[in-house]
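Asks: missing the sequence, but the structure's below:
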């Protein structure tokens, strides 16, 4: 979306109830890993946190040692926890109570969809009912070196407890959403649009905004200031949102002049 569209969208989102979720898992991939913990907060900007529900989940498989070290959730902690089939359906009312939000929503949403599918239950939220606070923080905090949740907790000095546990991370995600959406409501359009313009966009998203392939996008953005992040095939060219949108509008003007 263009900056003007994002501004309208996030201002609309700020008026909606949010269902903020965080899951902890036995691994990185939803198809081969299982949930070990879930927490969901229902909140609004006007009323704050209205409800929070949290539970450990017995994944019925071994938790790798590196995951135990990362989350602090041990095998002993989940052995007496309820199974996914017993506990996940009780979270559906909260999960469906507002805009579904998470920090790196793609990860949590993917695990939830897969987990519910294993139970024969559908869990699908339209794209306009989703909020990823990673994307929001990249837009609103373009000059920070990191938008990881633990780093943002330190940046804003949120008092939420230990990171990588579902209850703490869900609360951190809510406080981040509250902070940034409140700023979006408080600041003038031009101030926000100038802030949005400083966001660094990977080539994939820059090309998508321009409506072309990545190769074509790289060509169209050849005269635009850029930076390369990462190494080799795992890296990507990055461009400021404002520069990409300038190319987009020039492209639109050129097309109109041909009519």
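Replies: Perfect, I can see it now. Note that the structure is predicted; figures quoted are calculated from it, not measured.

Asks: so for residue 163, what's the pLDDT?
Replies: Note on residue 163: pLDDT of 84.

Asks: now do the SS call for the closest residue to it other than its chain neighbours.
Replies: Excluding the flanking residues, the one nearest residue 163 by C-beta to C-beta, 6 or more residues apart in numbering is residue 150, at 4.3 Å. Yep, even glycine has a C-beta here, placed from its N, CA and C like the rest. Three states are possible here, and by DSSP: H, G, I helix; E, B strand; the rest coil the one that applies to residue 150 is helix.

Asks: do I have it right that residue 150 meets residue 165?
Replies: No: in terms of C-beta atoms under 8 Å, residue 150 does not count as a neighbour of residue 165; the distance is 11.5 Å.

Asks: can you pick out the residue with more neighbours from the two?
Replies: When neighbours are counted by other C-beta atoms under 10 Å, residue 165 comes out ahead of the other of residue 150 and residue 165, with 20 against 15.

Asks: mind checking the end-to-end distance for stretch 61-68?
Replies: 13 Å (C-alpha to C-alpha, to the nearest Å).

Asks: now do stretch 75-89
Replies: Between where stretch 75-89 begins and where it ends, there is a gap of 23 Å, by C-alpha to C-alpha.

Asks: in it, which residues are buried?
Replies: Within stretch 75-89, the residues that qualify as buried are 77-78, 81, 84, 87-88, counting by 16 or more other C-beta atoms under 10 Å.

Asks: now, those residues that are in helices?
Replies: Restricting those to those inside helices, with DSSP state H as the criterion, leaves 77-78, 84, 87.

Asks: tell me which two of the residues you listed sit farthest apart.
Replies: 77 and 84 (15.5 Å; C-beta to C-beta).

Asks: residue contacts, the closest residue to residue 158 other than its chain neighbours?
Replies: If you skip the residues right next to it in sequence, residue 158 has residue 175 as its closest partner in space, 4.8 Å away by C-beta to C-beta, 6+ apart. Under the criterion of C-beta atoms under 8 Å, 6 or more residues apart in numbering, the contact partners of residue 175 comprise 156, 158, 160.

Asks: now, of the residues you listed, which are buried?
Replies: Neighbour counting with 16+ other C-beta under 10 Å marks 158, 160 as buried within these.

Asks: can I get the contacts of residue 175 in JSON lines with pLDDT?
Replies: Conversion of the contacts of residue 175 to JSON lines gives the following (pLDDT from 0 to 100):
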{"residue": "156", "pLDDT": "95"}
{"residue": "158", "pLDDT": "94"}
{"residue": "160", "pLDDT": "92"}
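
Asks: out of the contacts of residue 175, which is nearest to residue 250?
Replies: Proximity of these to residue 250, judged by C-beta to C-beta, is greatest for residue 156, which lies at 37.3 Å.

Asks: so the closest one sits right up against residue 176, yeah?
Replies: Yes: applying C-beta under 8 Å, one finds residue 156 in contact with residue 176, separated by 7.1 Å.

Asks: could you report the neighbour count for residue 230?
Replies: For residue 230, which is what you asked about, the neighbour count (other C-beta under 10 Å) is 11.

Asks: can you tell me, leaving aside adjacent residues, what's nearest to it?
Replies: residue 236 (6.2 Å).

Asks: tell me what that neighbour is bridged to.
Replies: Here residue 236 sits in beta bridges with residue 229, going by DSSP bridges.

Asks: my guess is it meets residue 205, correct?
Replies: No: here residue 236 lies out of contact with residue 205, judged by C-beta under 8 Å, at a distance of 9.5 Å.

Asks: if we can go back for a sec, tell me which helix or strand the residue nearest to residue 158 sits in.
Replies: helix 166-186 (DSSP states H and E).

Asks: list the buried residues in that helix.
Replies: When neighbours are counted by 16+ other C-beta under 10 Å, the buried residues of helix 166-186 are found to be 166-181, 183-184.

Asks: ok, stretch 40-56 next?
Replies: Using 16+ other C-beta under 10 Å, the residues of stretch 40-56 that count as buried are 40-43, 45, 49, 52-56.

Asks: right, I'll call it a day here.
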